[in-house]
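K.L.:
Have a look; sequence and predicted model below, questions after that.
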Amino acid sequence: MKVRSKIAKTCLLGALLSTTAMVSTGALAQMATKAPPASTDDGTPWWFHGTVEVGGRDFLNNPNKNGVVAYGQKSLAGYYEYSDIKPGAFGNFDLSAGSKDGVWRVDAGGRNVGYEDQSYYFDWSQAGVQYFNFIWDQSPHVYSMGALTPYVVNGNMVTLVPGATNAANTLANSVPVEIGIHRDTAAASYRWTPENWDFNLDYSHMRRTGTQPSELGEANRDVGGIIAAKGDPNQFPKPVDDTTQNYGAKGEYVGTSPWGKRYVFSLGYEGSQYKDDFGQTLIQATYAGVAPTLYGYLSAWPSNQANGGSATLSADLPLNSRYIGTLNYTKMTQNMAFPLDGAAAQGLGTPYTGPTTSLDGGISTLLFNNTLTTKISDTVTAKTTYRYYDFHNETAELPEQQSAGTSGNVDTYTQNTTYTMHTLSMGYIKSNVGEALNWRPDKYWNIGVNYGFERYDWTRADANVTNDNSAKIYADYKPFSWLTSRASTEFSSRRYENYNYFYYVGVYQWNGPGGGSSAGRVYANSEQQFMFDNRQVWKANYSLDIVTTPNLTLTPWTKYQDANYSVDPNWQQGLQDSKSWNFGIDGTYVVSSDLSFMAGYSRMYATQVMYGSNTTGGSLTVPTYYLPANQNLTNERDVTNTFVAAVKYVAIPDKLDTQLRYTASHGVDDLFFTTSPTFPENKVWFQRLDATAIYKFDPQQVAALGWKGDVKLKLNYALERNSETNWANDPLFPGSTSDGTATLWMGWYNPNYTVHMLSASLNASW
């Protein structure tokens with residue numbers, strides 16, 4: 001079960017910075033699962049094994065922990081984003097026990113004990129009968145350690161600090177705060193396997209608490225409180241307090257069919273609940289000209305639930321065939337009360353006055369998946385697939401009357417005046433048919449061809465139907481033991497049947513035709529949405545595994561993809577083309593059992609070409625097609641170069657192991673825009689150096705001290721540096737004032753840091 005998700009950089013942190021780079025936590029877990037050899041039998045019915053690691057770590061430099069980036073200061077927010085590898089004592093452990101007949105077994109362990117990303121596991125099993133697993137995991141997500149804000153969080157209320165009484169002095173009263181979310185996850189599963197049966201139960205509970213960056217657009221008000229005009233957005237730390245629970249049960253039976261073949265039938269249930277303890281957040285206003293006694297309202301994600309059941313049949317058939325079919329039905333619902341309208345004095349909101357008080361939202365999904373595999377001959381295998389998926393949106397499309405307001409504001413939705421708009425409930429039916437053939441004429445070749453057809457029938461979307469045909473050819477060739485070649489190419493073509501935003505969406509959403517107040521709220525039919533638009537995609541992959549000498553292996557590879565959306569710049573807007581080309585080479589050279597080298601390089605190149613228009617206005621009575629004279633071209637290019645190198649050297653056999661690893665990644669994002677082609681480049685430069693040494697104490701000396709096992713000393717030095725320049729964030733000052741209105745930016749994004757860390761630990765195993 002996956003209990004947390006981390007980006008590639010964080011995976012590197014977890015693997016290398018924990019001072020177990022040479023003997024990783026995975027390796028420790030493997031050690032813990034090995035029972036002592038038979039020669040250690042002491043006459044007892046049980047065996048015991050364990051590994052305990054304790055140590056300390058500290059920074060060699062003095063990195064600023066919580067500086068404010070807007071003031072040119074640095075912080076460690078980027079370093080601590082998904083982990084808590086900080087100075088101080090630390091410990092890891094793995095413990096195992098079991099019966100020597102191999103029937104009973106218990107495993108327990110923990111990682112980074114006492115820190116905010118600590119985790120623990122407990123496994124218990126009776127071989128071939130029952131299995132129980134439990135994990136408890138903490139994981140942080142640090143956004144900022146020095147955001148600047150005049151707000152403080154009190155439950156679900158975000159209020160100004162004392163002294164920040166109006167727009168003019170909110171910035172002067174801003175203080176640095178930390179922003180981040182803390183996750184606590186507990187999960188358990190139980191499996192019982194009586195003869196021919198397999199039963200499974202699982203449950204997980206994740207709690208999130210903390211804050212995250214958010215913003216809310218405010219309105220300028222006069223003394224009478226009348227809405228005059230929309231204001232700029234203000235950023236604030238939004239409180240987070242929610243719980244997600246997932247649970248399931250499954251039963252499986254293995255039997256013999258009337259034709260004497262094996263079959264497996266299973267029934268399962270899966271459920272999920274999400275609950276937000278706040279429902280909405282109240283934010284104290286900073287309106288111009290008045291004391292900030294008014295509050296704005298920001299809705300949280302609504303509490304919801306899902307329940308589903310599934311049945312699966314897997315059966316061996318005559319004629320060397322096998323069938324797998326799955327039927328799944330899921331119902332998702334949420335019926336949270338709509339939040340309060342607008343803003344009101346002292347946090348007392350105006351009750352919602354729409355036609356309903358809650359959404360009563362519901363979505364049901366039906367999945368029917370089928371796969372038939374047939375071995376036509378000793379060398380040819382065929383696979384036929386059919387998949388039907390119905391995403392049925394049962395949520396009512398609610399009418400709302402939009403009021404023109406006293407001063408022309410059109411952002412207040414009530415039951416009152418002017419014209420009606422409707423919410424939209426999008427749905428679709430997706431059907432897939434596929435056929436695949438695989439041919440293995442000899443031990444050297446593996447050749448295949450696949451064909452697929454995909455159809456979407458859309459509801460409340462710009463297009464009514466899209467059809468996608470795809471074909472793929474691949475070949476693996478291994479003429480020699482030292483050479484393996486793999487190549488594949490794929491082409492797909494998607495076409496819509498009818499594309500008409502006005503007819504399928506706009507007229508209904510804005511209760512038209514009729515123009516009037518709805519003019520300017522529709523977009524042109526010439527604006528193409530890339531998820532419905534015509535599209536042609538080419539893909540090609542190629543790689544080689546070459547053992548040039550008995551000890552040297554090289555693996556060059558390349559990938560290419562071009563997705564063209566056929567947007568005609570003479571009368572259409574949207575994404576026209578998206579290309580990517582990646583290539584690289586990896587190499588490993590084993591000099592001896594004591595010395596080996598590894599190096600790799602990759603380059604990722606991607607571009608996107610988009611056309612847009614700055615023409616404003618629109619009408620439901622006259623479809624608008626923007627003219628080429630108004631077109632803007634946007635061309636974005638991303639280039640990332642990554643280099644990895646490592647050397648492993650056994651300085652003293654069975655006593656001193658060393659390893660050195662270096663990773664460097666450099667990325668550049670270049671944006672060209674027709675009317676402003678001078679955007680600076682965005683650059684990211686990440687480097688990581690790890691040096692590790694593990695010394696194993698003499699077993700005889702350790703035994704003389706009374707310890708029955710191994711004792712190792714680990715030393716690790718790590719250098720990690722991240723540098724990012726982004727014109728959209730640097731140098732973004734936390735606030736500005738214009739016409740008495742404060743625009744509050746927290747300046748929370750702090751990606752740059754340099755860390756030197758040294759750690760030492762003692763590892764004892766028995």
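P.N.:
Thanks, I have it.

K.L.:
from here on, contacts and neighbour counts on C-alpha atoms
P.N.:
OK.

K.L.:
In contact with residue 122: list those residues for me.
P.N.:
Shown in contact with residue 122 (CA atoms under 8 Å, 6 or more residues apart in numbering): 106, 107, 108, 109, 133, 134, 135.

K.L.:
now residue 748
P.N.:
68, 69, 143, 144, 145, 146, 147, 148, 213.

K.L.:
what is residue 137 paired to in the beta sheet?
P.N.:
Judged by DSSP bridges, the bridge partners of residue 137 are residue 119, residue 185.

K.L.:
Surely it and residue 114 touch.
P.N.:
No - at 11.5 Å, residue 137 and residue 114 do not qualify as touching, with contact defined as CA atoms under 8 Å.

K.L.:
out of those two, which sits in the busier spot?
P.N.:
Under the criterion of other CA atoms under 10 Å, the comparison of residue 137 against residue 114 puts residue 137 first, with 20 against 12.

K.L.:
Look up how far residue 203 lies from that one.
P.N.:
Residue 137 is 14 Å from residue 203, where distance means CA to CA, to the nearest Å.

K.L.:
hmm, back to that, when you compare pLDDT across the contacts of residue 748, which one is lowest?
P.N.:
Scanning the contacts of residue 748 for pLDDT, the low point is residue 69. It has 75.

K.L.:
neighbours around that one, how many?
P.N.:
Other residues near residue 69 number 27, with proximity taken as other CA under 10 Å.

K.L.:
With adjacent residues omitted, what lies nearest to it?
P.N.:
residue 750 (6.0 Å; CA to CA, 6 or more residues apart in numbering).

K.L.:
before we move on, back to that, Serialize the contacts of residue 748 to CSV and add fields for distance to residue 463 and secondary structure.
P.N.:
Output for these, formatted as CSV (distance: CA to CA, whole Å; DSSP: H, G, I helix; E, B strand; the rest coil):
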residue, distance to residue 463, secondary structure
68, 48, coil
69, 46, helix
143, 39, strand
144, 42, strand
145, 46, strand
146, 46, strand
147, 44, strand
148, 45, strand
213, 36, strand
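
K.L.:
So which of the contacts of residue 122 belong to strands?
P.N.:
Among those, the ones falling in strands (DSSP state E) are 106, 107, 108, 109, 133, 134, 135.

K.L.:
from what I can see the fourth one touches residue 95, true?
P.N.:
So that's residue 109. Yes - if you go by CA under 8 Å, residue 109 and residue 95 touch, sitting 6.0 Å apart.

K.L.:
Look at residue 103 and say how many residues are nearby.
P.N.:
Neighbours around residue 103, by other CA under 10 Å: 12.

K.L.:
My read is that it contacts residue 129, right?
P.N.:
No - if you go by CA under 8 Å, residue 103 and residue 129 don't touch, sitting 9.1 Å apart.

K.L.:
For residue 48, report the pLDDT, please.
P.N.:
95.

K.L.:
That one: helix or strand, and which one exactly?
P.N.:
strand 46-59 (DSSP states H and E).

K.L.:
so what strands line up beside that strand?
P.N.:
According to DSSP bridges, strand 46-59 has these partners: strand 88-99 (antiparallel), strand 753-765 (antiparallel).

K.L.:
For it, what is the distance to the chain centroid?
P.N.:
32 Å (CA atoms, centre = their mean, to the nearest Å).

K.L.:
How about residues contacting it?
P.N.:
Against strand 46-59 from outside (CA under 8 Å, 6+ apart): 28, 32, 34-36, 86-100, 755-766.

K.L.:
Now, of these, which are buried?
P.N.:
With neighbours counted by 16 or more other CA atoms under 10 Å, the contacts of strand 46-59 contain buried members at 28, 32, 35, 86, 89-100, 755-766.

K.L.:
Helices along this structure, start to end?
P.N.:
8-16, 25-32, 501, 507-509, 699-704 (DSSP state H).

K.L.:
what's the last one packed up against?
P.N.:
Looking back up the chat, that one is helix 699-704. Packed against helix 699-704 by the contact rule (3 or more CA pairs under 8 Å, 6 or more residues apart in numbering; DSSP states H and E) you find strand 710-725.

K.L.:
So which elements touch the strand it packs on?
P.N.:
Checking 3+ CA pairs under 8 Å, 6+ apart, strand 710-725 ends up next to strand 682-696, helix 699-704, strand 753-765.

K.L.:
hey, least reliable of these by pLDDT?
P.N.:
helix 699-704 (a mean of 90).

K.L.:
Tabulate the CA atom coordinates of that helix in CSV.
P.N.:
Output of helix 699-704 as CSV, limited to C-alpha atoms (Å, rounded to 0.1, in the frame of the first residue of the first chain):
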residue,chain,number,x,y,z
PRO,A,699,33.9,-10.3,14.8
GLN,A,700,36.3,-11.9,17.3
GLN,A,701,36.8,-8.6,19.2
VAL,A,702,33.1,-8.0,19.2
ALA,A,703,32.5,-11.6,20.5
ALA,A,704,35.1,-11.0,23.2
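
K.L.:
now that helix, how far from the chain's geometric center?
P.N.:
Worked out by CA atoms, centre = their mean, helix 699-704 lies 49 Å from the chain centre.

K.L.:
residues making contact with that helix?
P.N.:
Applying CA under 8 Å, 6+ apart, the set of residues contacting helix 699-704 is 708, 709, 710, 711.

K.L.:
Ok, stretch 471-486 next?
P.N.:
Contacts for stretch 471-486 (CA under 8 Å, 6+ apart): 443-452, 487-492, 541-548.

K.L.:
right, and residue 311 touches residue 269 too?
P.N.:
No - with contact defined as CA under 8 Å, residue 311 does not reach residue 269; the gap is 9.1 Å.

K.L.:
In contact with the residue lying closest to residue 529 once chain neighbours are set aside: list those residues for me.
P.N.:
Nearest residue to residue 529 in three dimensions, chain neighbours excluded: residue 574, at 6.6 Å (CA to CA, 6+ apart). Going by CA under 8 Å, 6+ apart, residue 574 touches 527, 528, 529, 530, 567, 610, 611, 612.

K.L.:
Then residue 530?
P.N.:
Counting by CA under 8 Å, 6+ apart, the residues that residue 530 touches are 565, 574, 575.

K.L.:
okay, those residues in a markdown table with pLDDT and distance to residue 371 next?
P.N.:
Output for those, formatted as a markdown table (pLDDT from 0 to 100; distance: CA to CA, whole Å):
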| residue | pLDDT | distance to residue 371 |
| --- | --- | --- |
| 565 | 95 | 31 |
| 574 | 91 | 37 |
| 575 | 94 | 35 |
